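> Sequence and predicted model, in that order:
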Amino acid sequence: LPDQTIERATMCYLHDFDNATAWYGISNPKLGIGAGLAWDRNDFPCAWFWQEFHAGPGFPWYKGVWVMAIEPNTSFPGHGLVTMSEKTAMQRTLSPGDSASATIAAVLYEGSQKVSSLELDGTVRFSEEA
């Protein structure tokens, strides 16, 4: 974990996932538990990874949080629709009356082994490696 006395605000974009099901798992081997998400890469081709460690002086954080998130997303960068459209043209559009749906699996798991994959049905696969 980062030093909790150091202020930091970080944002990056994850993409080019290897499999049709994109996923991540965050494990605490000391406690033998973890959490993760799995999603269809076609629905969300990227993910936003961000951290806010007592750094944002204004709304909504006021330097009062120590958090991080990885959020499946349809596009990047996260600086508004116009900027994203100009830089990547990844915007998703729906015509009037259209709809969209997606499946995301949120998983809590026990185990201190390395996670090798998470599936959309909630299955967690652990690595055979020690």
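Yep, that arrived.
> can you give me how far stretch 52-65 is from the chain middle?
Using C-alpha atoms, centre = their mean, to the nearest Å, the distance from the centre of stretch 52-65 to the centre of the chain it belongs to is 20 Å.
> what comes up buried for the helix or strand bottoming out on mean pLDDT in the chain?
Across the helices and strands of the chain, mean confidence by mean pLDDT, DSSP states H and E is lowest for helix 81-87: a mean of 81. The neighbour-count check on helix 81-87 (16 or more other C-beta atoms under 10 Å) flags Met84 as buried. C-betas here are computed from N, CA, C, even on glycine.
> go on, stretch 111-125?
Residues Gln113, Val115, Ser117, Leu118, Val124 are the ones in stretch 111-125 that count as buried (16+ other C-beta under 10 Å).
> Next: stretch 50-58.
Neighbour-count burial for stretch 50-58, with 16+ other C-beta under 10 Å as criterion, is recorded at Glu52, Phe53, His54.
> And those, which is closest to Asp98?
Using C-beta to C-beta, the shortest approach to Asp98 within these belongs to Glu52, at 34.3 Å.
> what sits against the closest one?
Counting by C-beta atoms under 8 Å, 6 or more residues apart in numbering, Glu52 makes contact with Ala9, Trp61, Val65, Trp66, Val67, Met68.
> With Ser101 instead?
Remark: with contacts taken as C-beta under 8 Å, 6+ apart, Ser101 is in contact with nothing.
> rewinding a little: ok, and what's touching the least confident helix or strand of the chain?
By C-beta under 8 Å, 6+ apart, helix 81-87 touches Ser75, Phe76, Pro77, Gly78, Met90, Gln91.
> Distance of the third one relative to Met84?
Distance check for Pro77 against Met84: by C-beta to C-beta, to the nearest Å, it reads 6 Å.
> which one of the buried residues of stretch 111-125 sits closest to Ile26?
The shortest separation between Ile26 and any of the buried residues of stretch 111-125 is 9.0 Å, and it belongs to Val115 (by C-beta to C-beta).
> Show me what the closest one bridges to in the sheet.
Here Val115 sits in beta bridges with Phe126, going by DSSP bridges.
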